[in-house]
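Visitor: Need coordinates for the following:
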Amino acid sequence: MPSQPKPVNRLRTALFVFSVPAFTVLYTLFSIAFVRLIPYQKRFAYLTIWSRMVIWLAKTCCGIRYQFHGMDQLPKDQPYVVIAKHQSQWETFHLVNVLQPISIVCKKELLKTPLGIGYGISLLQPIAINRDDPRKALKDIQNQGLARLRDDNMPVLIFPEGTRTPVDSKGKYARSGAALAIAANVPVIFATHNAGYFWPSKGFDKFAGTIDVHFSEPVSSHGKTALELTREAEEWIESHLPSPRYR
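Guide: Numbers count the residues shown, from 1 in each chain. Sure thing, here's the model as predicted:
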């Protein structure tokens, strides 16, 4: 991690940690009475104001900037599956924004997050799974994922490692995202980043710098097994992890 003066870093992080729940409470109180009544497309855009504000607060309070690479390669005329690296909370907030509307595969516990956050997530049509029951989780990803891709023409975002992994490490890549893309016969986008250096998966401090997010070209799922496509995703994601750019 960078050699930033610790008292200054702690103060900036504390300001961020205080500001997020304060904004969340006000946003929830203002929104909860009517947000369910908004049509889905507009609801998605409205609800993700919250995550955009979190990203803005992280930038303003902690100096966490970001840059996207390869967004021009994303398919514009068909749904797809995004298989992404999971290092931090940052990418869960921001990928949903830049790829919206998109259905994210997440653990069911997130729907119980307080301050109205869980309720807001539930209104975004996520694929919420029970990680304690892997067979049912895989079935839910397949069934609900196919509905999002085919019926709703909506991309699906999945973190194959299942949980946040510290920088310089990786989790086991699950095959569910690849299997879904193969079943739906849609392309896959690989996404990698270095958010964990600036917004670590554990600990209090956050660090100033620029998060680089890289998207691959669309990768065909046709004629591949889930194992082959998952290995391809893992190799691309891990080999394209950007080095941190601290400020």
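
Visitor: What about the closest residue to residue 88 other than its chain neighbours, how many residues nearby?
Guide: Once flanking residues are discounted, residue 88 sits nearest to residue 195: 3.9 Å by CB to CB, 6 or more residues apart in numbering. C-beta coordinates here come from the backbone N, C-alpha and C atoms, glycine included. When counting by other CB atoms under 10 Å, one arrives at 28 neighbours for residue 195.

Visitor: Looks like residue 195 contacts residue 91 (just checking).
Guide: Yes. If you go by CB atoms under 8 Å, residue 195 and residue 91 touch, sitting 5.3 Å apart.

Visitor: which neighbours do these two share?
Guide: Counting by CB atoms under 8 Å, 6 or more residues apart in numbering, the residues touching both residue 195 and residue 91 are residue 213.

Visitor: Do a quick rundown of the strands in the protein.
Guide: For the chain, the strands defined by DSSP state E cover 64-69, 81-84, 103-107, 127-129, 156-158, 188-193, 209-215, 245-246.

Visitor: which helices and strands does the second one pack with?
Guide: Contact analysis of strand 81-84 by 3 or more CB pairs under 8 Å, 6 or more residues apart in numbering; DSSP states H and E lists helix 90-98, strand 156-158, helix 176-184, strand 188-193, helix 226-239 as its packing neighbours.

Visitor: redo that, cut-off 7 Å
Guide: Here strand 81-84 touches strand 156-158, helix 176-184, strand 188-193, going by 3 or more CB pairs under 7 Å, 6 or more residues apart in numbering; DSSP states H and E.

Visitor: One more: the shortest one?
Guide: Secondary structure elements in contact with strand 245-246, counted by 3+ CB pairs under 7 Å, 6+ apart, are strand 209-215.

Visitor: Over to the fifth one?
Guide: When contacts are defined as 3+ CB pairs under 7 Å, 6+ apart, strand 156-158 sits against strand 81-84, strand 103-107, helix 176-184.

Visitor: Please point out which parts of the shortest one sit buried.
Guide: For strand 81-84, burial by neighbour count (16 or more other CB atoms under 10 Å) applies to 81-84.

Visitor: gap between the closest residue to residue 225 other than its chain neighbours and residue 149?
Guide: Using CB to CB, 6+ apart and skipping residues adjacent in sequence, the residue nearest residue 225 is residue 182, 7.7 Å away. Taking CB to CB, to the nearest Å as the measure, residue 182 falls 12 Å from residue 149.

Visitor: If you count surrounding residues, which of the two has more?
Guide: Neighbours per residue, other CB under 10 Å: of residue 182 and residue 149, the larger number sits with residue 149, 23 against 20.

Visitor: wait, doesn't that one sit right on residue 143?
Guide: No. At 11.3 Å, residue 149 does not count as touching residue 143 under the criterion of CB atoms under 7 Å.

Visitor: so residue 183 makes contact with residue 141?
Guide: No. Look at residue 183 against residue 141 with CB under 7 Å: they stay out of range, at 9.9 Å.

Visitor: Measure how far stretch 203-216 is from the centre of its chain, please.
Guide: Per CA atoms, centre = their mean, to the nearest Å, the displacement of stretch 203-216 from the mean C-alpha position of its chain is 13 Å.

Visitor: Run through the neighbouring helices and strands of the top helix by length along the chain.
Guide: If you go by DSSP state H, the chain has its longest helix at helix 6-31. For helix 6-31, the helices and strands in contact under the criterion 3+ CB pairs under 7 Å, 6+ apart are helix 40-62.

Visitor: Okay, the residue nearest to residue 225 and residue 169: tell me how far apart.
Guide: 28 Å.

Visitor: just residue 70 next, same as before
Guide: Distance from residue 70 to residue 169, by CB to CB: 24 Å.
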